[in-house]
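Visitor: With the sequence up front, the predicted model follows.
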Amino acid sequence: MDINEHNEVTSLVASMRLASKPVLTARECAEYIGVSLKYLYQLTSKRQVPFFKPRGKMLYFKRSEIDLWLTKRNDF
């Protein structure tokens, strides 16, 4: 297996892991929807994306809500 094949397999495994997690961190959510972390934070500050902060600091995202949000967006 060459380095390109290895990178492809690693990327596929990471994608599968994200697709199976019901709750995502901000970094995972940004990767999942294909945006930068900075842009995701902009969306949360404008309350344009569903998120929750159970302890008042870290942001979390329910993957099912993100999927629904993505399907309803027409500018994304």
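Guide: Structure received.

Visitor: From Asp67, how far out is the residue most central in space within the chain?
Guide: Nearest to the mean C-alpha position of the chain, by C-alpha atoms, centre = their mean, lies Cys29 at 1.5 Å. According to C-beta to C-beta, to the nearest Å, Cys29 stands 11 Å off from Asp67. Yep, even glycine has a C-beta here, placed from its N, CA and C like the rest.

Visitor: pLDDT (mean, whole number) over the host helix or strand of Lys38?
Guide: Lys38 belongs to helix 37-45 when elements are defined using DSSP states H and E. For helix 37-45, mean pLDDT rounds to 97.

Visitor: buried residues in it?
Guide: For helix 37-45, the neighbour count (16 or more other C-beta atoms under 10 Å) marks Leu40, Tyr41, Leu43, Thr44 as buried.

Visitor: Quick one: the strands in this structure, in order.
Guide: For the chain, the strands defined by DSSP state E occupy 23-25, 60-62.

Visitor: buried set for the first one?
Guide: Buried residues in strand 23-25, defined by neighbour count with 16+ other C-beta under 10 Å: Leu24.

Visitor: Identify all contacting residues around that strand.
Guide: Residues outside strand 23-25 that contact it (C-beta atoms under 8 Å, 6 or more residues apart in numbering): Leu18, Tyr32, Met58, Leu59, Tyr60, Phe61, Lys62, Arg63, Ile66.

Visitor: and the fifth one, bridged to which residues?
Guide: When assigned by DSSP bridges, Tyr60 has beta-bridge partners Thr25, Phe52.

Visitor: close enough to count as contact, it and Phe52?
Guide: Yes - with contact defined as C-beta atoms under 8 Å, Tyr60 counts as touching Phe52 (5.6 Å).

Visitor: Of these two, which one has the most company?
Guide: Neighbour totals were compared for Tyr60 and Phe52, and Tyr60 leads with 15 against 11 (other C-beta atoms under 10 Å).

Visitor: measure the more buried one to Pro22 for me?
Guide: The spacing between Tyr60 and Pro22, counted by C-beta to C-beta, is 10 Å.

Visitor: just for the protein, where's the confidence low?
Guide: Within the chain, the segments meeting pLDDT under 70 span 12-16, 18, 74-76.
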